[in-house]
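Peer 1: Fold the following, please.
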Amino acid sequence: AYDALWSTTCVREYANLEVLFCLGCNDLQPRYVDESTKTVYICSTFANSLFNDNNVLYDKCGIRTSSDPDRPVLLPGVDTDTAGNKLIHNATELINYKYTYSSGGSMTTVYPLRPPFFQDYEFVVLDRGDNGCFTGAGSALKAF
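Peer 2: Take a look at the predicted model:
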């Protein structure tokens, strides 16, 4: 899961992304996960903490797209598509980034930045304060 995204020297560099990976354990999860539509609502304030203006936040370490060492490492501030366009422009695209590759004759799609148990959910970034969307803090954290 989260540890597989990074080298050992980078694993604790991105606290907010680590918090996102704890989504399944967050006690307030029912407030921002719609099980019927398989949608996770993320507050824009939290999403923006995962993405800076020029999106070079993760380029120092790179994000592993797979545990397979032959798979590419994602550099969100550098990587482009085949036409030379930037791959990721905002927090929504970063969270929903997918990588598809051929494995044993079939295509496999992974979403390396989605937390465990939520690989097949759509992540939607909302601009509505802290109401009905993931802020990154559970009630235990807010109590301090």
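Peer 1: Please enumerate the strands of the chain.
Peer 2: Ranges of strands in the chain, per DSSP state E, are 33-34, 39-43, 63-64, 73-74, 99-103, 106-110, 122-126.
Peer 1: export the ones you listed to JSON lines and tack on distance to D81?
Peer 2: From N, CA and C alone the C-beta is placed, and that goes for glycine too. Formatted as JSON lines, the strands of the chain follow (distance: least, C-beta to C-beta, whole Å):
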{"stretch": "strand 33-34", "distance to D81": "30"}
{"stretch": "strand 39-43", "distance to D81": "24"}
{"stretch": "strand 63-64", "distance to D81": "17"}
{"stretch": "strand 73-74", "distance to D81": "13"}
{"stretch": "strand 99-103", "distance to D81": "12"}
{"stretch": "strand 106-110", "distance to D81": "16"}
{"stretch": "strand 122-126", "distance to D81": "21"}
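Peer 1: wait, which of these is closest to E18?
Peer 2: When these are compared by C-beta to C-beta, strand 63-64 sits nearest E18, at 12.8 Å.
Peer 1: What is the distance between the closest one and the centre of its chain?
Peer 2: The chain centroid and the centroid of strand 63-64 are separated by 11 Å under C-alpha atoms, centre = their mean, to the nearest Å.
Peer 1: what's the answer for stretch 45-52, then?
Peer 2: 10 Å.
Peer 1: buried set for that stretch?
Peer 2: F46, A47, N48, S49, L50, F51 (16 or more other C-beta atoms under 10 Å).
Peer 1: F46 versus the spatially closest residue to the second one that is not a sequence neighbour, what's the distance?
Peer 2: It stands for A47. Spatial nearest neighbour of A47, chain neighbours left out: A91 (3.6 Å); criterion: C-beta to C-beta, 6 or more residues apart in numbering. Counting by C-beta to C-beta, to the nearest Å, the gap from A91 to F46 is 9 Å.
Peer 1: And the helices in this protein?
Peer 2: For the chain, the helices defined by DSSP state H occupy 15-20, 44-49, 91-95, 139-142.
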